[in-house]
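Asks: below are the sequence and a predicted model for it; my questions follow.
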Amino acid sequence: MKLVEVIKYVDESGIEFDIESIEYDAFKKFHVTVPQEVFNSKEISFEWGGLLMNDPRFAIYEISGVYVKNGYLNIKGYIR
């Protein structure tokens, strides 16, 4: 069994970041969860090459999904 590193972080506005290593060419999978109160009250931007959590280790390589479920905005993709 291989252990997988998962980084979890919640910022001051309640946005939750989960980053998980995957076994392909040093990519990491990310999932960002934004509560409805946050995305209704302020502008949120995720774009190719942008940084998750303002950390240069986590530059967005690909955004694979954006959807709203149960009052949360979900953004999924990959960083390198």
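Replies: Received it, and whenever you're ready, just let me know what you need. Numbers count the residues shown, from 1 in each chain.
Asks: end to end on stretch 51-61, go ahead and measure it.
Replies: Length of stretch 51-61, first residue to last, Cα to Cα, to the nearest Å: 10 Å.
Asks: how about the contacts made by the closest residue to residue 25 other than its chain neighbours?
Replies: In this structure, residue 25 finds its nearest non-sequential neighbour in residue 80, 7.9 Å apart by Cβ to Cβ, 6 or more residues apart in numbering. From N, CA and C alone the C-beta is placed, and that goes for glycine too. Shown in contact with residue 80 (Cβ atoms under 8 Å, 6 or more residues apart in numbering): 25, 26, 27, 28, 59, 61.
Asks: over to residue 16?
Replies: By Cβ under 8 Å, 6+ apart, the neighbours of residue 16 are 8, 9, 10, 32, 33, 34.
Asks: mind listing what's buried along the helix or strand encompassing the first one?
Replies: Pointing back at residue 8 there. Residue 8 belongs to strand 6-10 when assigned by DSSP states H and E. For strand 6-10, burial by neighbour count (16 or more other Cβ atoms under 10 Å) applies to residue 7.
Asks: what's the offset of the helix or strand just after that strand from the middle of its chain?
Replies: Once the chain leaves strand 6-10, the next helix or strand it forms, by DSSP H and E, is strand 16-21. Centroid displacement of strand 16-21 relative to its chain, using Cα atoms, centre = their mean, to the nearest Å, is 6 Å.
Asks: buried residues in strand 16-21, which are they?
Replies: Quick answer for strand 16-21 (16+ other Cβ under 10 Å): 17, 19.
Asks: partners of it, with directions?
Replies: Take DSSP bridges as the rule and strand 16-21 pairs in its sheet with strand 6-10 (antiparallel), strand 28-35 (antiparallel).
Asks: need those strands in CSV (columns: distance to residue 72 and mean pLDDT).
Replies: Shown next, in CSV, are these (distance: least, Cβ to Cβ, whole Å; pLDDT from 0 to 100):
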stretch, distance to residue 72, mean pLDDT
strand 6-10, 13, 89
strand 28-35, 5, 93
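Asks: as a markdown table, those with distance to residue 54 would be great.
Replies: Putting these into a markdown table (distance: least, Cβ to Cβ, whole Å) gives the following:
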| stretch | distance to residue 54 |
| --- | --- |
| strand 6-10 | 11 |
| strand 28-35 | 13 |
